[in-house]
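The sequence and its predicted three-dimensional model are supplied below.
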Amino acid sequence: MGCRGIWVVDRAGLVVVNEAKEDQQWVAKIVEEARALMQTLEDFRMVPLADHQWCYLYRLDASPWQGVVAVWEDRAEDEAWRLKVQGMAHDINNLLQVVSGHLELWPTRLPEQKAGALAEAQWMLERAEELVAQLGIMAMTGEPSEGSADVVEVLQHLAAWVRRPNIRLQLEIPSGPVPLVKAPTTACVEIFHNLLQNAYDAMPDGGLVQVRVHSDSDGVTVTVQDSGDGLLSLDADVIFAPYYSTKTHGRGLGLYRVRELVEQYQGRIEVRSFSGQGSCFAVSLPRVTDGRQ
């Protein structure tokens, strides 16, 4: 948003110029701070007003006029952009870790397994390259990328990444065709990779992850169910908040990024969890009506 308002406060504490774009709820506080500034030897003061919003006060002493210029700045867009870049960097790193895992296990693969492992590593590396390209597009246009994705294909590639001896992945796919969804492949990889990663992390001693795909006339729904201890909170404002995490590692951007992407492509996400019975995340994305039926 940038600048949301400019005031000029004279020596008597009166607002002589008011160019505010928003409501006046902060005027009294700004006038109070301007008066306090004029009682000191300071030339500048920064006053926090709300989340990502500050008022910058500058003393003016151009005889015979004395007073303070107050500029209200809103940096919410800067914060949103920073979180978006951090989220994409987080997911690029996740994809590269998958590639690294495939290559690390390469010497232990049987000869007949190596071609498949190499193909999976290549597929993930291509998705990481696409995310890097999207960062450049976003920097120029500020708009999210468009496209369509085969959710089943994405989940099958992600399932190939799961090679943990104490975790079993059960992927249930309809016998009939599943429509494409209105979201690019990279977005779907980010969404379901993060959900699977969280499911695995919720079961440090091992367990079962069940992934189910269902489609209807509106779109495609994917549920990811783990058998861990369950979530401490079901408050969406808490679990989907940036930097929130119950893990000893990680940065708490996974679920934040999931919800951001799901909503960006007009989908919805729901979560159910019971103590000792695990958690279930359900992601629904709209279908491509002119694509595969």
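Sure thing, it's come through. The shown structure was predicted, so the numbers you read here are calculated from the model rather than taken from an experiment.

now the strands: where do they sit in the chain?
Per DSSP state E, the chain carries strands over the ranges 2-10, 15-18, 44-50, 53-62, 65-74, 167-172, 207-215, 219-225, 268-274, 278-286.

where's Glu270 relative to Val283, distance?
With distances taken as CB to CB, to the nearest Å, Glu270 is found 8 Å from Val283. To be clear about C-beta, it is placed using only N, CA and C from the backbone, and glycine gets the same treatment.

Who has more neighbours out of those two?
Neighbour count, other CB atoms under 10 Å: between Glu270 and Val283, Val283 has more, with 25 against 12.

show me what contacts that one?
By CB atoms under 8 Å, 6 or more residues apart in numbering, the residues touching Val283 are Ile191, Phe192, Leu195, Thr221, Val222, Thr223, Val224, Val258, Val262, Gly267, Arg268, Ile269.

partner residues bridging it?
Taking DSSP bridges, one finds Val222, Ile269 as the beta-bridge partners of Val283.

Then Arg287?
As for beta bridges, Arg287 partners with Val181 under DSSP bridges.

shouldn't it be in contact with His214?
No: with contact defined as CB atoms under 8 Å, Arg287 does not reach His214; the gap is 11.8 Å.

what about the two, which has more around it?
Legend: neighbour count by other CB under 10 Å for Arg287 and His214, higher for Arg287 (22 against 15).

And that one, how close does it get to Asp216?
Taken as CB to CB, the span from Arg287 to Asp216 is 9 Å.

Using CSV, lay out the strands of the chain together with mean pLDDT.
As requested, the strands of the chain are arranged in CSV below (pLDDT from 0 to 100):
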stretch, mean pLDDT
strand 2-10, 70
strand 15-18, 71
strand 44-50, 79
strand 53-62, 79
strand 65-74, 79
strand 167-172, 92
strand 207-215, 94
strand 219-225, 96
strand 268-274, 91
strand 278-286, 95
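
Export these to a markdown table and append columns for distance to Leu131.
Shown next, in a markdown table, are these (distance: least, CB to CB, whole Å):
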| stretch | distance to Leu131 |
| --- | --- |
| strand 2-10 | 28 |
| strand 15-18 | 45 |
| strand 44-50 | 32 |
| strand 53-62 | 31 |
| strand 65-74 | 29 |
| strand 167-172 | 23 |
| strand 207-215 | 22 |
| strand 219-225 | 20 |
| strand 268-274 | 20 |
| strand 278-286 | 18 |
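
The ones you listed: which one's closest to Leu232?
With CB to CB as the criterion, Leu232 lies closest to strand 268-274 of the strands of the chain, at 9.0 Å.

Would you mark the buried spots in that closest one?
For strand 268-274, a neighbour-count test (16 or more other CB atoms under 10 Å) marks Ile269, Val271, Ser273 as buried.

Can you give me every residue that contacts Gly228?
Neighbouring residues of Gly228 by CB under 8 Å, 6+ apart: Ala199, Ala202, Met203, Gly207, Gly278, Ser279.

which residue sits closest to it, ignoring its sequence neighbours?
Using CB to CB, 6 or more residues apart in numbering and skipping the chain neighbours, the partner closest in space to Gly228 is Ala202 (3.2 Å).

before we move on, what about Ser227?
Gly207 is the one closest to Ser227 (CB to CB, 6+ apart), at 3.9 Å.

Test my guess that the one you found contacts Ile167.
Yes: if you go by CB under 8 Å, Gly207 and Ile167 touch, sitting 6.3 Å apart.

Mind checking the strands of the chain for the one nearest to Ala149?
Comparing the strands of the chain by CB to CB, strand 278-286 comes nearest, at 8.4 Å.

What separation do you get for the residue nearest to Ser227 and Gly228?
The spacing between Gly207 and Gly228, counted by CB to CB, is 6 Å.

Need the overlap of contacts for the two.
Common contacts of Gly207 and Gly228, defined by CB under 8 Å, 6+ apart, comprise Gly278.

Could you list the low-pLDDT ranges of the stretch 51-200 of the chain?
Across the stretch 51-200 of the chain, the ranges flagged by pLDDT under 70 are 51-52, 62-64, 75-79, 136, 138-144, 162-163.
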